[in-house]
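*Asks:* Sequence and predicted structure below; questions after.
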Amino acid sequence: MQYYNPLKSSDGNIYSLDMVRLNIDLGNHAQDNRPSHAQELVNIIQKYRDESLKTDEPKIKVSYYPNFGEFKYRHLWTLKSNDDIQSTITIGLGRGSSREEQGKGFIEFNPNKVESNEELHKFLRHVRICSSTIDLVRYDLAIDIPLDRVLAKLTREGRKGYQYIDSGNGITEYLGQRNKPGFIKLYDKTKESNLDYPLTRLELTLEKNSDIEHIFPTVRVLNSQISLDFSENDLDSTDKVLIALLKDCDNPQYYLSELGFRRKRKIEPYLADTTLLLDKSLALKIKTLAMSYEL
């Protein structure tokens, strides 16, 4: 795993800044017969694009997506590093047709990946030099838990927008509206990043003024000493269904108490869990790191 300024909590979890979206204002006026800052930045992007057309293995691959829809950015580029990490910067300019809006846009990237790439890091410096203001729109706080994904469960707590997906990339749970403050994602980082060790990632999408403690979800963590390989245990199909249902409900102890003594004793160990705790001081440091991109 690759991190940019990671922080480790006392319980062994890794806190990092996973994604940043910034509003940028490049201005719109040329001075002393020089191009505007917006044009300077476009020229830099075009240089990368020209270089990518000259070779089969450019340092940076550039894709361009024009858009003339209302309330859309007229110009959208992605800059992707041509390496194993394939880190990406997305940048959009020209929210409207007026001169004042042509130099306004956004930039989005993952510091864990981009900051380790010399060319993309240099491009971020260019953006900073060309911009009159840079404002943080939102960021993702990532918490990596050294645990098999099957041992963690996201509790809905009455929130809307819950999704559970079991795919080739493992189990993923979502809570809330994607790309909106308060969005929660719990997924299998081992499979997603092809790691050779167990890792579960919790991501929270936040704004500068987000109440992290209020947004932080309840994540139940099963005792890792309890095997979840049902094939190696004396569990019948009814036991397996009950375990799955009890782990998915909000009040498992109530329903567990309704079972007979033998069945209750048999499946209760598979419901033993703790709750993932938020290290607020580390979360605030990640917020400070996100705000350090502002200008």
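*Replies:* Everything's here; your move.
*Asks:* what helices or strands is the longest helix anywhere in the chain leaning on?
*Replies:* Counting by DSSP state H, the longest helix found in the chain is helix 37-54. Using 3 or more CB pairs under 8 Å, 6 or more residues apart in numbering; DSSP states H and E as the contact test, the elements touching helix 37-54 are strand 60-66, strand 75-81, strand 88-93, helix 118-130. All C-beta atoms are positioned from the backbone trio N, CA, C, and that covers glycine.
*Asks:* Mind checking what helix or strand follows the lowest-mean-pLDDT helix or strand in the chain in sequence?
*Replies:* Across the helices and strands of the chain, mean confidence by mean pLDDT, DSSP states H and E is lowest for helix 99-102: a mean of 65. The helix or strand immediately downstream of helix 99-102 is strand 104-109, counting by DSSP states H and E.
*Asks:* Each with direction, which strands does that next one pair with?
*Replies:* strand 14-25 (antiparallel), strand 88-93 (antiparallel) (DSSP bridges).
*Asks:* Out of the ones you listed, the one nearest S132 is which?
*Replies:* Distances from S132 to each of these were compared using CB to CB; the minimum, 5.1 Å, belongs to strand 14-25.
*Asks:* pLDDT averaged over stretch 157-173 - what is it?
*Replies:* Here stretch 157-173 scores 86 as its mean pLDDT.
*Asks:* Relative to E118, which of the strands paired with strand 104-109 is closest?
*Replies:* The nearest among the strands paired with strand 104-109, by CB to CB, is strand 88-93 at 13.3 Å.
*Asks:* Now do the closest one against helix 118-130: the angle between them, please.
*Replies:* Between the axes of strand 88-93 and helix 118-130, defined by axes from the mean of the first three to the mean of the last three CA atoms, to 10 degrees, the angle is 30 degrees.
*Asks:* Quick one: mean pLDDT for strand 88-93?
*Replies:* 93.
*Asks:* Just the angle for it relative to strand 75-81, thanks.
*Replies:* Going by the same axes, to 10 degrees, strand 88-93 makes 160 degrees with strand 75-81.
*Asks:* what's the offset of strand 88-93 from the middle of its chain?
*Replies:* 16 Å (CA atoms, centre = their mean, to the nearest Å).
*Asks:* which stretches of the protein aren't confidently modelled?
*Replies:* Applying pLDDT under 70 to the chain flags residues 28-35, 68-71, 96-101, 223-234, 272.
*Asks:* Nothing else from me, thank you.
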